[in-house]
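Q: Below is the structure, and that's it, no one-letter string:
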């Protein structure tokens, strides 16, 4: 049946068409049912909404997502027919009913996720079902391969090294030290990082304080060819589009399915051709992995998954019970990084970064077993890591002369002091993150907080615990109130 | 923050607002995030879609669902602020994580379901989570009470009797015989029925061949006061709106959660004040309940649920392995019903209806234990049931003089003959339904099929098995092809 197009530049969650109720009834499609639209050889499946009056009979209202793909203009006649739900919905049902899926079934689901062939209901059922039923290792291998295959793969050459952190630890900008250290040692590390979703700063947000991070594939390949390292925003390259769509469901439900974490991390690494991958698994109260047993299990699964996928993976289980580094928030963390590159920064950040960089050098065969950490430390102390970082900043379009003091920090500040005394047991990551976000991070890059104390320190009443920075008084006050309520510094 | 309203008469799945991307970014809301809108004391929560150009900054695009509730007109200034996800999302997460929910938690979810406070993602997670984790009886009691409380309740007086069938059996129009029989015996039975979703005919579709079925509450109360019985479409009264919204998620996923079936059935009965409820549980290959063990469990749960809710429930487990009656499709089934009321119809339909009507009379105290079936048969034989049905037809606005032969059946017909010989073991319900639907049922009321044989019959090669009727040659051919592929008549 032919319909006359009416076009609306609305961006919806899914391809949607608006039909007159009479047409929908005639064709036997229900609200949230599916139709296939075709126009001059292009085809798309869309979800149906109905209206009594907004579009007349034989008219069809199209949103931006649909008109862009079909190249339809208002008034065009387009072909529409009701379609069955895709085969993959059967496999989603199978998973929900407790069965194991094979590669073809998982690929069929992931392909439809990426192609927007699933309604929000079907996609959510897939994500919830996978979370509740869990995935075995065979399924996780399939998931990873399917996510890679349905996304963009980038060739950066041979012997690519990479690192990933499971997250949940405030500060913790080790990537911005590890990348220049291992690159200075001769490794090729095309690092793509994420922006903050629930944290006060992602690596991409922090790097952006020093240089642009938003590069397409060709630009990244050019940078890697020239200086064998980058720190860019992964979202700018279409690496694992299935992953992004799955996260859009997980996020509002606070789901964190281990099978999805494993496949998501590995898919992104394999998409950039990584051969040697080091994974940091922080464990502790307030981090994403609550206990050492869970961390061991995750480590085992990552290494096994690496074997099955033909890449070398090692995992380091680290202490995630307190923030790493002193600055929390993009600018404060960027300043920490620059200070650390001058060997003048946070002890915890430098120590952890050197340890991870050493492990990565050993894994990649750039250092003999047992020598990695020493080599990494020497590269940092020699200034070679700093020089490499400045090269990266310059190549990405930033100022290679930047000094720690050049970095702008929020002008409104207030220091939180201890109202008791004792020895610091830990500093709660989730609470510190919430305070930094209340101050304005990550959107306001200059906001956040600076920790004056570390776990193990003895604190007297009135000692400075941390200073909150913001560009706005209102936000500073919100953050201070929150700090007062949460009391993120915990004593023994 | 105040926005200028732009109104679009689009009916979406959920309350949706369209914001300029710049505004969304400023307010920190993401696509699919939530905002609260208020206008002159009215308030609503809506899901955010974004656009670059369709609405300008400081404008907000509103769909019909939203403008109707807020009573907003184009150009009005309305207040908008980002909101947290509702508390009920926490309880949904709790269920997904395997915990049991209490009444307050379940009520909070169901209330948000009915008020459209949940995004499609959250609602689907609730439905999928409940299906996968299951509900215990306490939870099912809570679900039922919450569904009743969030819907409309209708007072039809005291001593209300009701019946329900779990479904899955083709033909099986017992309701249209049971209602006139028990009503003729003096019981009050305000029967609300459903239309077909996946079957070739619902009771409402079939009754509609004889009389209108689409009545509001006051009209139904008037009919019941006058003639103590009706057979109406339940969808026209807002009995259990939560149920409809849950079904909209279950249907595309083919989920059939027992906990939801139990609460859904009981909520609808309690909403019309039913005191005595008889439930027909057909069991067998191709019906909804696959084996007697499952049927026994369901029976036990229904009776126990009735006790907890203070209503008398009995269940009859019936043979659901083959269709009941000969006609399949609204008109063909309506004709079967009229013939049966003249004691000239399908043996299986009459027998089953009399048995169920007898049980219901006993349950409601209108017949002594052991006498119900005999009384029901006498009422049918005496013509009193037919007279009552004609009263119902007349009162609902149909023609009380209607004869079986007056009912129009699709003009295109073709008879399927046996290509082998043997004794009929069973006739597959799902396959028969699929063939009748291919012929055009339920939308085309005159389409369907008529069975010439019953389980137990001996069939020779060339004997007529069933005749397919349709108003369209194309559909007739589709149905014949399907009959040829499926071969729904199974031999011993």
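A: Yep, that arrived. None of these values were measured; they are calculated from a predicted model.
Q: Tell me how many other residues crowd residue A:312.
A: Neighbour count of residue A:312, defined by other C-beta atoms under 10 Å in any protein chain shown: 16. All C-beta spots, glycine's among them, are computed from the backbone N, C-alpha and C.
Q: Name the nearest residue to it, sequence neighbours excluded.
A: Leaving out its chain neighbours, the residue that sits closest to residue A:312 by C-beta to C-beta, 6 or more residues apart in numbering or on different chains is residue A:276, at 4.9 Å.
Q: Doesn't that neighbour lie inside a strand?
A: Yes: when DSSP: H, G, I helix; E, B strand; the rest coil is applied, residue A:276 is found to be in a strand.
Q: Contacts only, for it.
A: Residue A:276 sits next to A:159, A:160, A:161, A:162, A:311, A:312, A:360, A:363, A:364, A:365 when contact means C-beta atoms under 8 Å, 6 or more residues apart in numbering or on different chains.
Q: in the sheet, who's paired with it?
A: Applying DSSP bridges to residue A:276 gives these bridge partners: residue A:161, residue A:312.
Q: how about the helices of the stretch 151-300 of chain A, start to end?
A: Applying DSSP state H, counting those that start in this stretch to the stretch 151-300 of chain A gives helices spanning A:175-184, A:203-207, A:217-227, A:241-253, A:258-271, A:292-309.
Q: Can I get these in a markdown table including mean neighbour count?
A: Below are those laid out as a markdown table (neighbours: other C-beta atoms under 10 Å in any protein chain shown):
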| stretch | mean neighbour count |
| --- | --- |
| helix A:175-184 | 28 |
| helix A:203-207 | 28 |
| helix A:217-227 | 16 |
| helix A:241-253 | 20 |
| helix A:258-271 | 23 |
| helix A:292-309 | 16 |
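Q: just to revisit the earlier point, widest-spaced pair of the contacts of residue A:276?
A: Greatest spatial distance in these: A:162 and A:365, 14.5 Å, computed using C-beta to C-beta.
Q: Who has more neighbours out of these two?
A: Remark: of residue A:162 and residue A:365, residue A:162 carries more neighbours, 29 against 14, as counted by other C-beta under 10 Å.
Q: ok, that one to residue A:19 distance?
A: With the distance defined as C-beta to C-beta, to the nearest Å, residue A:162 ends up 47 Å from residue A:19.
Q: was I right about residue A:114 contacting residue A:245?
A: Yes: using C-beta atoms under 8 Å, residue A:114 is in contact with residue A:245, at 7.0 Å.
Q: Grab the most central residue of chain A for me.
A: residue A:194 (4.0 Å; C-alpha atoms, centre = their mean).
Q: wait, what's in contact with that residue?
A: With C-beta under 8 Å, 6+ apart, residue A:194 has these contacts: A:202, A:203, A:204, A:233, A:234, A:235.
Q: okay if I get these as CSV plus pLDDT?
A: CSV is the format used below for the contacts of residue A:194 (pLDDT from 0 to 100):
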residue, pLDDT
A:202, 95
A:203, 97
A:204, 96
A:233, 94
A:234, 91
A:235, 85
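Q: Tabulate these (TSV), appending distance to residue B:214.
A: Shown next, in TSV, are those (distance: C-beta to C-beta, whole Å):
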residue	distance to residue B:214
A:202	56
A:203	60
A:204	57
A:233	56
A:234	55
A:235	51
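Q: among those, which two are most distant?
A: Greatest spacing in these, by C-beta to C-beta: A:203 and A:235 (11.9 Å).
Q: And chain A, split by domain according to the record?
A: Using automatic domain parsing, the domains assigned to chain A come out as A:2-82, A:88-134, A:160-233+A:272-395, A:409-491.
Q: Any chance of the ones you listed in JSON lines with distance to residue B:465 as columns?
A: Listed next are those as JSON lines, based on distance: least, C-beta to C-beta, whole Å:
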{"stretch": "domain A:2-82", "distance to residue B:465": "28"}
{"stretch": "domain A:88-134", "distance to residue B:465": "30"}
{"stretch": "domain A:160-233+A:272-395", "distance to residue B:465": "53"}
{"stretch": "domain A:409-491", "distance to residue B:465": "68"}
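Q: In terms of mean pLDDT, which of those domains ranks lowest?
A: Comparing mean pLDDT across these, the weakest is domain A:2-82, with a mean of 84.
Q: first vs last residue of it, how far apart are they?
A: 12 Å (C-alpha to C-alpha, to the nearest Å).
Q: and if you look at stretch A:278-295?
A: 14 Å.
Q: Show me which residues of the stretch 301-450 of chain A are close to chain B?
A: residue A:443 (C-beta under 8 Å from any C-beta of the partner chain).
Q: go with 6 Å
A: Residues of the stretch 301-450 of chain A lying close to chain B (C-beta under 6 Å from any C-beta of the partner chain): none.
Q: so how many other residues sit close to whichever residue of the stretch 301-450 of chain A sits closest to chain B?
A: In the stretch 301-450 of chain A, the residue that lies nearest chain B is residue A:443 (6.8 Å; C-beta to the nearest C-beta). The local packing of residue A:443 (other C-beta under 10 Å) involves 14 other residues.
Q: Could you do residue A:53 as well?
A: Counted with other C-beta under 10 Å, residue A:53 comes out at 11.
Q: ok, now residue A:102?
A: 12.
Q: Could you do residue A:101 as well?
A: Neighbours around residue A:101, by other C-beta under 10 Å: 22.
Q: Make sure it is indeed in a helix.
A: No: assessed with three-state DSSP, residue A:101 is coil; it does not lie in a helix.
Q: Could you report the separation of it from chain B?
A: As for residue A:101, its distance to chain B is 15 Å (criterion: C-beta to the nearest C-beta, to the nearest Å).
Q: can you check residue A:104 too?
A: 20 Å.
Q: Give me the distance between the two termini of stretch A:459-477.
A: With C-alpha to C-alpha as the measure, stretch A:459-477 spans 24 Å from end to end.
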